[in-house]
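**Student:** Compute the structure for the input listed below.
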Amino acid sequence: MEEQVTPEQMRQFEEMKRLLMKKLLSKEAIERLGRIRLVKPELAAQLELYLIQLYQAGRIKGEVTDEQLKTILDAVTTKKEFKIIK
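**Tutor:** Below is the predicted model:
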């Protein structure tokens, strides 16, 4: 049986995520993430989850700078291009 996520649990998760981003990211990187969230909320959520995974895996050492965030963002958004030949 599936458990339902309550609004309170969702709020707690969002607060935990916000605090973790504040701890992991530099001021400039937080600002960039905020701008991304305004334009593409789903991309910002994907980026946050990726950063959390990196942190949990121990692959983030110290503060993530704006330049590092741009590199991570590029890796997250890179898509393979398909060429259709007729």
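
**Student:** For the rest of this, base every contact and every neighbour count on C-alpha atoms.
**Tutor:** Noted.

**Student:** give me the element Met16 is part of.
**Tutor:** Secondary-structure assignment from DSSP states H and E places Met16 in helix 7-24.

**Student:** which parts of that helix are buried?
**Tutor:** Buried positions in helix 7-24, judged by neighbour count with 16 or more other C-alpha atoms under 10 Å: 17, 21, 24.

**Student:** In contact with the first one, which residues are there?
**Tutor:** Residues in contact with Lys17, defined by C-alpha atoms under 8 Å, 6 or more residues apart in numbering, are Glu48.

**Student:** if I look at it, how far off is Ile85?
**Tutor:** As defined by C-alpha to C-alpha, to the nearest Å, Lys17 lies at a distance of 44 Å from Ile85.

**Student:** For Arg32, see how far away the residue nearest to Gly62 when sequence neighbours are not counted is.
**Tutor:** For Gly62, the nearest residue in space outside its immediate sequence neighbours is Leu24; the separation is 7.2 Å by C-alpha to C-alpha, 6 or more residues apart in numbering. According to C-alpha to C-alpha, Leu24 stands 13 Å off from Arg32.

**Student:** ok, now Leu54?
**Tutor:** Counting by C-alpha to C-alpha, the gap from Leu54 to Arg32 is 19 Å.
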